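In: quick one: sequence plus predicted model below, questions after.
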Number of protein chains: 4
Amino acid sequence: MKSKVVSFLIKCPDQKGLVAKITSFFYEKGFNIVSSQQYVNAIENTYFMRIRLNADGTTLSKKELESSFLELATPLNIDWSVNYDDKKQNVAIMVSHTSHNLYDLLERSKEGRLDCNVKMIISNHDKLRYIANMFHIPFHYLPVTKETKLEQEAQVKELLDASDIDLIIMARYMQILSADFINHYPEKIINIHHSFLPAFQGANPYRKAYERGVKLIGATAHYATVDLDEGPIIEQDVKPVTHESTPTTLKRIGADIEKLVLARAVKNHLNHQIIVSGNRAIVFPEAGE
Amino acid sequence: MKSKVVSFLIKCPDQKGLVAKITSFFYEKGFNIVSSQQYVNAIENTYFMRIRLNADGTTLSKKELESSFLELATPLNIDWSVNYDDKKQNVAIMVSHTSHNLYDLLERSKEGRLDCNVKMIISNHDKLRYIANMFHIPFHYLPVTKETKLEQEAQVKELLDASDIDLIIMARYMQILSADFINHYPEKIINIHHSFLPAFQGANPYRKAYERGVKLIGATAHYATVDLDEGPIIEQDVKPVTHESTPTTLKRIGADIEKLVLARAVKNHLNHQIIVSGNRAIVFPEAGE
Amino acid sequence: MKSKVVSFLIKCPDQKGLVAKITSFFYEKGFNIVSSQQYVNAIENTYFMRIRLNADGTTLSKKELESSFLELATPLNIDWSVNYDDKKQNVAIMVSHTSHNLYDLLERSKEGRLDCNVKMIISNHDKLRYIANMFHIPFHYLPVTKETKLEQEAQVKELLDASDIDLIIMARYMQILSADFINHYPEKIINIHHSFLPAFQGANPYRKAYERGVKLIGATAHYATVDLDEGPIIEQDVKPVTHESTPTTLKRIGADIEKLVLARAVKNHLNHQIIVSGNRAIVFPEAGE
Amino acid sequence: MKSKVVSFLIKCPDQKGLVAKITSFFYEKGFNIVSSQQYVNAIENTYFMRIRLNADGTTLSKKELESSFLELATPLNIDWSVNYDDKKQNVAIMVSHTSHNLYDLLERSKEGRLDCNVKMIISNHDKLRYIANMFHIPFHYLPVTKETKLEQEAQVKELLDASDIDLIIMARYMQILSADFINHYPEKIINIHHSFLPAFQGANPYRKAYERGVKLIGATAHYATVDLDEGPIIEQDVKPVTHESTPTTLKRIGADIEKLVLARAVKNHLNHQIIVSGNRAIVFPEAGE
């Protein structure tokens, strides 16, 4: 196998002997366990595992590994995915006017702090093209109106699919995507919302935060689902603010939180640390990675 | 004047020369400024001031001070209050079943970390009487049903007013107070809500937080107003949580946040650091106090 | 077995097949894994595991379990301990003048938020006896001078050992314990230091923090070792402060951090979440507990 | 006066009537107070003020303002500086190998989130030139050895002084500057140190943090003084970490803290919010700015 580290994400009904069976399987196939993380949801009797394996000692091909694991998984009712570290993931970033998340993602990608290929930037405005140019990333300007929405989304889809995009990052893309579009990319769209959800859903969260007089301001990165701002939460953070904060200063303070929250969520996704279960995201911490 | 430190809280339309006029007034009366804090809300063109004065150099009585300040204040449209440090405030605590906030407030008061007299504990359950006994505070058990609500509130009011209560702390009192009751004590009731408002208003916030899969859990101390959980926010804080957190662990983690948030809000109120303006609480930080 | 939940803490050289061997062992003995947490220190090639087992399905006695596990452990070079949930741990608290940590620990213990028996409070001053009385805990006043140090420590030791104490909490006990004393209770003494170690080791950290003009203040709970303030860190936290903070306000803000940091560290210890390795404490998070 | 907002930073012995005298002065000269912030250090009996004035109503020139204020200031022993908002400050950034702070500062400056002109980047390595090119900022590669240190510093000084640099940002410039150099730019050099000082002074703080097993990691922005890592602290922040963190992950987590801490410190400096007093930095919060 060309891959050195293989990661499995596993979800199944909790049952006796599960860990023993799974770990014995990998042991017998010649893998060494680099890290193994588990979570049991006792309320729903569900078992979750993230296991990273060193493939140096195995003679299996990817195909062989997957078909043998399937044999183990089927009777145990395991819902699983496997990822190999020899393939970089392809990423598309969608933006509107706001530049801070875009800079941050591009910088991290360029400097190797986000392990992915940013293949394109898509925007409904032409405003941020200069940033794409600075980082030499293709920029697609696809304006949109109520009338052209479906058509524009079709163009976006075509671009994404032509480049085999693994992850779409909505870095303050200020358009509501259609259910069709979102359902086409399940658990593959990460959105940043500029409040600590579920507070201040919808538009103008900083204005609303000012008016409510909250003493902390935040941001939330979540998977996009058909219900706007309701998808599984990956990362959240807040900073304290005071009565002195105006909507403008909240926006500025918030921008820094957004940057870090989005970058961490994207890193966790690219690094295969996340399993979605219903409307909750199981986010395993890094294991000495 | 018997008081050593005199604090004014001031709110008025912003206007030229305001600071000069106010500070000159106190200078001429023989006061020394211990600290002076200001906030201008430029959106609403309103000026707020908290000024603490050393009264050692003045010959004015409290009455004289107040009537002279009134002369200054009237033409400037100043809404003001004055507090003297020679009078300890009287506090009543209302609780239901939950003990952690009660212990914390009683301990701080007993040890001089909250500058007040806790005159009584009122509860709709008899469960926490033993804590009142440990701290030698009168405990009033006033059960309540839908039918007896108004009657019970009348009893509460009678108790509060007989003891000249300055501040009512709802330390997880799980009853909705009537509009009449609340309006009787404007900006004199502090409530602790066990979520980072406006997220998870109403009942069972920890259960809701679990179901929404949030990555942080919090608490909010606010003045009680007729609109439940909508009053001016005094203090908020959060802690990170993970998918491992169950409703039970969220409750436990949240309890620690509640304790600190409520205690800080009460301290800020007792220390005259707060001016309410509409639905926002201006909370001045301590000034070297 | 009377115990329902059995916890193992495991440390050994990392080696192939370890997880499979350990989990298969428990599976075959009839245990169900409630949670299993692992950590591999790749720098030192060491494997750490905390595994919690449901004993409902096993017929083994404690003795049988331990002797069979020993057979597994010896060839794998496993350093291990096992704990059963049918035995509450005995705790002694040592204090000097400061009351906030003491109240907090006693309240948590009384209300069942810390799973232990506080058997005694030991102090070199008589000042806090009234708190012991409030909570009906035996209080031992053992004054100490340079000359009587060894003698006093012998008295302390006698008290501790007579009550079969499992954990000693130094809740601001302002005496330096002798190496002999500390070595008698390895990984059984938790100390709270009122700074974010390694900053401000030694006496008067709040004064030093003020003088250095730091913008955050903190507390550290750690196992006591012979090198003062150098033991393995279990928990740390900080809060932002400003130039307005005096040594007195730093002390007050710090007290709240101390309380929570110490309580969390004690909870983690009592809950068998910690493995010490050299000077580092591996602190597993709660697993849905 | 061409300037619209004028800011004064004031430090003097505390004395009766100070606020009245200062605010009356500005009132009489036709200024309106935009914000006024004060701090009294009662331990050292020192008064600090940051006052921002709207100059629309004054007929004074800058020169007239300064000479009249001097007349007020001299008998009161006031140490003061004044800044006008019609002059953008010139900034130089010094770096070695690490890119994250550099990107962040350049992005903020380019996007108008830091109000300054970045005139140049100076480095002892040629590695980061491409970033300077992306942002079209002159890059000066000035290698240094022990032998050429004084000579190189002279070249640096020449570059800085030729461009009338107001602020030098050491964004991980891994060279110790000479006392001569530092004394030439008092309170004009901001350094970022990658630990929560005073913990882990000197080299390799992330390695040291790993070895000490701390549970939080941080960064500190401070004015450079002759005593390395001992200068007045402007901003600090930390993030929680766990035993899983390796020196490499600490570095990565720390990079995000560094970015925000340095950017906030630079913003506070450029915005004239800081007064240094001895080894402490008085950092006034933004006043609705």
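Out: Sure thing, it's come through.
In: neighbours of A:V238, how many?
Out: For A:V238, the tally of surrounding residues (other Cβ atoms under 10 Å in any protein chain shown) stands at 26. The way it works is simple: take the backbone N, C-alpha and C, and place the C-beta from them, glycine included.
In: assumed it was part of a helix.
Out: No - read with DSSP: H, G, I helix; E, B strand; the rest coil, A:V238 is strand and lies in no helix.
In: any idea what it is bridged to?
Out: A:G218 (DSSP bridges).
In: so who does it touch?
Out: Residues near A:V238 by Cβ atoms under 8 Å, 6 or more residues apart in numbering or on different chains: A:196, A:216-218, A:257, B:196, B:216, B:238.
In: ranges for the strands of the stretch 151-289 of chain A?
Out: A:167-170, A:189-193, A:216-223, A:233-240, A:274-277, A:280-283 (DSSP state E, counting those that start in this stretch).
In: which of those is buried the deepest?
Out: Among those, strand A:216-223 has the highest mean neighbour count (mean count of other Cβ atoms under 10 Å in any protein chain shown), at a mean of 27.
In: then that one to PDB, C-alphas only?
Out: Written as PDB, here are the backbone C-alpha positions of strand A:216-223 (Å, rounded to 0.1, in the frame of the first residue of the first chain):
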ATOM      1  CA  LEU A 216     -19.500  37.800  24.700                       C
ATOM      2  CA  ILE A 217     -19.300  37.500  20.900                       C
ATOM      3  CA  GLY A 218     -18.600  34.400  19.000                       C
ATOM      4  CA  ALA A 219     -18.500  32.300  15.800                       C
ATOM      5  CA  THR A 220     -19.600  28.800  14.800                       C
ATOM      6  CA  ALA A 221     -18.400  26.500  12.100                       C
ATOM      7  CA  HIS A 222     -20.900  23.900  11.000                       C
ATOM      8  CA  TYR A 223     -21.800  21.600   8.200                       C
END
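In: starting at the chain centroid, how far to that strand?
Out: Distance of strand A:216-223 from the chain centroid (Cα atoms, centre = their mean, to the nearest Å) equals 14 Å.
In: and if you look at stretch A:124-133?
Out: For stretch A:124-133, the distance to the chain centre is 23 Å (Cα atoms, centre = their mean).
In: next one: stretch A:236-249
Out: 26 Å.
In: start and end of that stretch, how far apart?
Out: End-to-end span of stretch A:236-249 (Cα to Cα, to the nearest Å): 19 Å.
In: mind giving me CSV with the strands of the stretch 151-289 of chain A and columns for mean pLDDT?
Out: Rendered in CSV, the data for the strands of the stretch 151-289 of chain A read as follows (pLDDT from 0 to 100):
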stretch, mean pLDDT
strand A:167-170, 98
strand A:189-193, 97
strand A:216-223, 98
strand A:233-240, 97
strand A:274-277, 97
strand A:280-283, 98
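In: save the ones you listed as a markdown table, and put in distance to D:L177 too.
Out: Output for the strands of the stretch 151-289 of chain A, formatted as a markdown table (distance: least, Cβ to Cβ, whole Å):
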| stretch | distance to D:L177 |
| --- | --- |
| strand A:167-170 | 40 |
| strand A:189-193 | 39 |
| strand A:216-223 | 37 |
| strand A:233-240 | 32 |
| strand A:274-277 | 45 |
| strand A:280-283 | 43 |
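In: how are the helices of the stretch 51-200 of chain A distributed by residue range?
Out: Per DSSP state H, counting those that start in this stretch, the stretch 51-200 of chain A carries helices over the ranges A:62-76, A:100-110, A:129-134, A:149-162, A:179-184.
In: how about the third one as PDB, C-alpha atoms only?
Out: The C-alpha atoms that make up helix A:129-134 are tabulated as PDB, following Å, rounded to 0.1, in the frame of the first residue of the first chain:
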ATOM      1  CA  ARG A 129     -10.300  38.500  -7.000                       C
ATOM      2  CA  TYR A 130      -7.100  40.300  -6.100                       C
ATOM      3  CA  ILE A 131      -6.600  38.000  -3.200                       C
ATOM      4  CA  ALA A 132      -7.000  35.000  -5.400                       C
ATOM      5  CA  ASN A 133      -4.400  36.500  -7.700                       C
ATOM      6  CA  MET A 134      -2.000  37.100  -4.900                       C
END
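In: what's that helix packed up against?
Out: With contacts taken as 3 or more Cβ pairs under 8 Å, 6 or more residues apart in numbering or on different chains; DSSP states H and E, helix A:129-134 sits against helix A:100-110, strand A:116-123, strand A:139-141.
In: so of the helices of the stretch 51-200 of chain A, which one's packed in deepest?
Out: helix A:100-110 (a mean of 23).
In: contacts for that helix, please.
Out: A:91, A:93, A:95, A:113-114, A:116-118, A:121, A:128, A:131, A:134-135, A:137, A:169, A:171-172, A:192, A:255-256, A:258-259, A:262-263, A:266, D:99-100, D:103-104, D:107, D:111, D:113.
In: for PyMOL, write the selection for the buried entries among those residues.
Out: Here is the PyMOL selection string for the buried members of those, based on 16 or more other Cβ atoms under 10 Å in any protein chain shown:
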select buried, (chain A and resi 91+93+95+113+114+116+118+121+128+131+134+135+137+169+171+172+192+255+256+258+259+262+263+266) or (chain D and resi 99+100+103+104+107+113)
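In: now the helices of the stretch 51-200 of chain A in JSON lines, with distance to D:Q152 and mean pLDDT?
Out: What follows is the helices of the stretch 51-200 of chain A, written out as JSON lines (distance: least, Cβ to Cβ, whole Å; pLDDT from 0 to 100):
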{"stretch": "helix A:62-76", "distance to D:Q152": "54", "mean pLDDT": "97"}
{"stretch": "helix A:100-110", "distance to D:Q152": "29", "mean pLDDT": "98"}
{"stretch": "helix A:129-134", "distance to D:Q152": "30", "mean pLDDT": "98"}
{"stretch": "helix A:149-162", "distance to D:Q152": "50", "mean pLDDT": "97"}
{"stretch": "helix A:179-184", "distance to D:Q152": "56", "mean pLDDT": "96"}
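In: quick one, which of those is nearest to B:K188?
Out: Nearest to B:K188, of all the helices of the stretch 51-200 of chain A, is helix A:100-110, at 42.8 Å by Cβ to Cβ.
In: what angle sits between that closest one and helix D:100-110?
Out: 150 degrees (axes from the mean of the first three to the mean of the last three Cα atoms, to 10 degrees).
In: and the closest residue to A:A42 other than its chain neighbours, what does it touch?
Out: Of all residues not flanking A:A42 in the chain, C:G288 sits nearest, at 5.9 Å (Cβ to Cβ, 6 or more residues apart in numbering or on different chains). Residues near C:G288 by Cβ under 8 Å, 6+ apart: A:39-42, B:244-246, B:249, C:35.
In: mind redoing it with 6 Å?
Out: A:42, B:244, B:246 (Cβ atoms under 6 Å, 6 or more residues apart in numbering or on different chains).
In: can you give me the domain boundaries for chain A?
Out: A:5-84, A:89-283 (automatic domain parsing).
In: for the contacts of A:V238, which one is nearest chain D?
Out: Minimum distance to chain D across the contacts of A:V238 is 9.2 Å, recorded for A:I257 (Cβ to the nearest Cβ).
In: does that closest one really touch A:P240, like I thought?
Out: No - the criterion here is Cβ atoms under 6 Å, and A:I257 misses it with A:P240 at 11.2 Å.
In: which parts of the stretch 1-150 of chain A sit against chain D?
Out: A:99, A:103, A:107, A:111, A:134 (Cβ under 6 Å from any Cβ of the partner chain).
In: tell me the one of the residues you listed nearest A:S81?
Out: Nearest to A:S81 among these is A:E111, at 28.1 Å by Cβ to Cβ.
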